[in-house]
Structures are given as structure tokens and as C-alpha cells.
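J.: quick check, what structure comes out for this input:
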Amino acid sequence: MKNFFRQTKTVVLFLLSVSIAAKCLAADPADERIRKQMIATWIVEVQGEARTRTLNITNGEKKEDGTWVLDATYGWSDTRQTSVEAKLTTLADRFKLELTTQANSIILAEGSDLRKLEGTFRTRSGAVKQVALAQISADALAKRIAANKPVIVQPKPDVPAECAAFPGGWTGHWGIHGGEQWLWIVEVDSGCVAKYQIGKWGFGGPFDTAVIQKGVLTTAGAQGGKIDWTRHGDELWASYSGPGGISTNAVHKKVQIEAK
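T.: Numbering: from 1, shown residues only. All right, here's what the predicted structure looks like:
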């Protein structure tokens with residue numbers, strides 16, 4: 001009896017191994033080719049925006065309906081990318097990519113060549129822009145990122161110390177719904193006049209100027225308000241005051257970038 005069960009177990013294991021091997025041998029070469037082509041780093045360029053985004057596809061699983069569910073991260077090229085929902089559909093002679101960003105924007109892009117796709121970028125508010133995605137090497141991506149960085153002018157010796165502490169790139173968040181905010185202070189002169197750019201989409205200009213007085217840089221804020229910026233170590237503390245007594249605060253961290 002023991003021999004019978006031992007033989008039965010051996011037969012079952014053999015049949016299972018044969019089944020697994022058969023599935024591996026039956027893998028569609030076309031699917032494997034698509035999988036290899038999709039695993040790449042992509043640069044994402046949105047119409048009218050100088051700052052690029054990056055999409056990293058590390059794997060894909062093909063479902064019964066033919067759709068590929070992708071393992072992907074996405075975000076600004078010059079910051080860390082995080083996980084997003086993305087899928088790829090293979091049509092008769094084209095590929096279709098659908099991606100939902102962390103901000104609930106929708107990217108729909110198609111192309112006959114999986115190395116380059118084009119389509120639309122629809123924001124949560126409904127605004128639509130053209131978008132282009134292209135596979136890119138790590139070296140080429142690094143060069144693109146470096147090209148979009150601003151030049152920070154090293155303060156001259158005659159710039160007061162409390163003003164010379166401001167130049168650089170700073171990024172932070174305003175509350176739960178405020179989103180990421182960027183402040184670039186590219187130059188401060190001997191009169192403590194700072195040349196800066198502020199916005200939600202990183203460096204891109206145009207620049208404004210404001211005077212740093214007693215260690216406080218005051219810039220224009222939303223809805224006719226103002227923002228007071230003060231330096232605390234490697235942070236800029238921002239205090240917004242607006243109409244009707246509205247006020248809020250944020251902490252901005254310094255971006256690592258070389259001064260020229």
C-alpha cells in the first residue's frame with residue numbers, strides 16, 4: 001500500500017511538472033517581445049510645460065482580455081516617482097497606454113511603435129493638453145533634467161549674510177489640498193533684492209523681484225495676499241496672509257543644486 005501511494009505521488013508530481021513545462025513552452029513569443037519592449041524608462045512631455053515627467057515600467061502581466069496590467073511608477077523627472085495605475089492594450093496595428101496619475105489626471109496615448117506614443121493629458125479639472133511619451137536612456141534623461149535646472153548665482157561678498165542665505169531652490173506643500181509649491185531664488189544682490197520665481201510646477205519663469213528686509217522675503221500670494229519667507233537652517237518657513245484674515249503656513253525644504 002505504501003508503494004502504491006508513493007508511486008501515485010510520483011505520477012502526480014510528474015504530470016504537474018509536465019503541465020508547467022507545457023505552459024512555459026506555449027508562451028507566445030509575440031507577448032514576450034511586447035513585454036521586453038515595454039519595460040523601459042519613458043520621458044513624458046506635456047504641451048506648454050518645460051518641466052518633464054518620467055514613467056518607469058518594470059513589468060507587465062497580460063490578462064485574459066488581452067490587456068497588460070503594468071507595474072509602473074510616475075512623477076516629475078527631477079523628483080521621486082511613485083506607483084500609479086497603468087495598462088497597455090494591443091490593438092490590430094497599434095498600442096494604447098492608459099495611465100492615471102497621483103493627481104487623478106488621465107494620460108491616453110497611442111502609437112504603432114511602442115518606443116514612442118502620443119495622445120492627451122487630461123487634468124482632474126477637465127483641461128486637455130497634448131502629451132508625448134518616448135523611451136529614454138538613463139544618461140539622456142539625466143542630461144534633460146540638468147538642462148532644466150536654473151543657474152543659482154553665488155552671492156558676492158558684499159551681500160549681507162542674512163540675505164545671502166536665501167538663494168536656491170525650495171519645495172514644500174500648502175495644506176492637504178495645496179499641492180507641491182516651488183520657490184526658486186536665483187540671485188540676491190548687495191541691496192538684498194532677490195530675483196525669484198514661484199509656482200506649482202517647478203522652475204520655468206518668469207522672474208519677479210522682492211527685497212529681503214530683516215531676514216524676511218515677502219512675495220505676492222494668491223488672491224491678493226502675501227507670503228513672508230524666513231530662513232531656518234535648511235528650511236524656509238512660509239507664512240501666508242490673505243483677504244478676510246485667511247492665514248496658513250508651510251515649510252519648504254532646500255533642493256540640492258549647485259550654485260554657479
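J.: buried sites along stretch 137-149?
T.: Leu141, Arg144, Ile145 (16 or more other CB atoms under 10 Å). Glycine gets a C-beta too; all of them are placed from N, C-alpha and C.
J.: put the alpha carbons of it into CSV.
T.: Only the C-alpha atoms of stretch 137-149 are listed here, as CSV (Å, rounded to 0.1, in the frame of the first residue of the first chain):
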residue,chain,number,x,y,z
SER,A,137,18.2,56.0,-21.6
ALA,A,138,19.3,56.9,-18.0
ASP,A,139,22.2,59.1,-19.4
ALA,A,140,19.9,61.0,-21.7
LEU,A,141,17.3,61.6,-19.0
ALA,A,142,19.9,62.9,-16.6
LYS,A,143,21.1,65.4,-19.3
ARG,A,144,17.5,66.6,-19.8
ILE,A,145,16.9,67.1,-16.1
ALA,A,146,20.2,69.0,-15.8
ALA,A,147,19.3,71.3,-18.7
ASN,A,148,16.0,72.4,-17.0
LYS,A,149,17.7,73.3,-13.7
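J.: any chance of the buried residues of stretch 137-149 in CSV, with secondary structure and pLDDT too?
T.: Formatted as CSV, the buried residues of stretch 137-149 follow (DSSP: H, G, I helix; E, B strand; the rest coil; pLDDT from 0 to 100):
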residue, secondary structure, pLDDT
Leu141, helix, 88
Arg144, helix, 82
Ile145, helix, 78
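J.: ok, these vs Trp237, which is closest?
T.: Closest approach to Trp237 among the buried residues of stretch 137-149 (CB to CB): Ile145, at 27.8 Å.
J.: touching, the closest one and Arg53? I think so.
T.: No - between Ile145 and Arg53 there is no contact, the gap being 11.1 Å when judged by CB atoms under 8 Å.
J.: pull up the overlap in contacts between the two.
T.: Common contacts of Ile145 and Arg53 (CB atoms under 8 Å, 6 or more residues apart in numbering): Ser77.
J.: how near is the residue nearest to the spatial centre of the chain to Lys149?
T.: The residue lying closest to the centre of the chain (CA atoms, centre = their mean) is Gly75, at 1.6 Å. Going from Gly75 to Lys149 by CB to CB, to the nearest Å gives 17 Å.
J.: what's the answer for Ala132, then?
T.: Taken as CB to CB, the span from Ala132 to Lys149 is 22 Å.
J.: likewise for Thr89?
T.: Taking CB to CB, one finds Thr89 at 36 Å from Lys149.
J.: over to Arg122?
T.: From Arg122 to Lys149 the distance is 28 Å (CB to CB).
J.: repeat that for Thr230.
T.: 25 Å.
J.: model confidence over stretch 198-209, on average?
T.: Average pLDDT, stretch 198-209: 69.
J.: same thing with stretch 28-43?
T.: 90.
J.: ok now it, how far from the chain's centre?
T.: 22 Å (CA atoms, centre = their mean, to the nearest Å).
J.: for stretch 169-176, same thing?
T.: Averaged over its C-alpha atoms, stretch 169-176 has a centre that lies 15 Å from its chain's centre (CA atoms, centre = their mean).
J.: how about residues contacting that stretch?
T.: The contact list for stretch 169-176 (CB under 8 Å, 6+ apart) reads 150, 152, 179-185, 202-203, 236, 238, 240, 248, 250-255, 257.
J.: now a ChimeraX select for only the buried ones of these.
T.: Of the contacts of stretch 169-176, the buried ones can be selected in ChimeraX as follows, counting by 16+ other CB under 10 Å:
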select :150,152,181,182,183,184,185,202,203,236,238,240,250,252,255,257
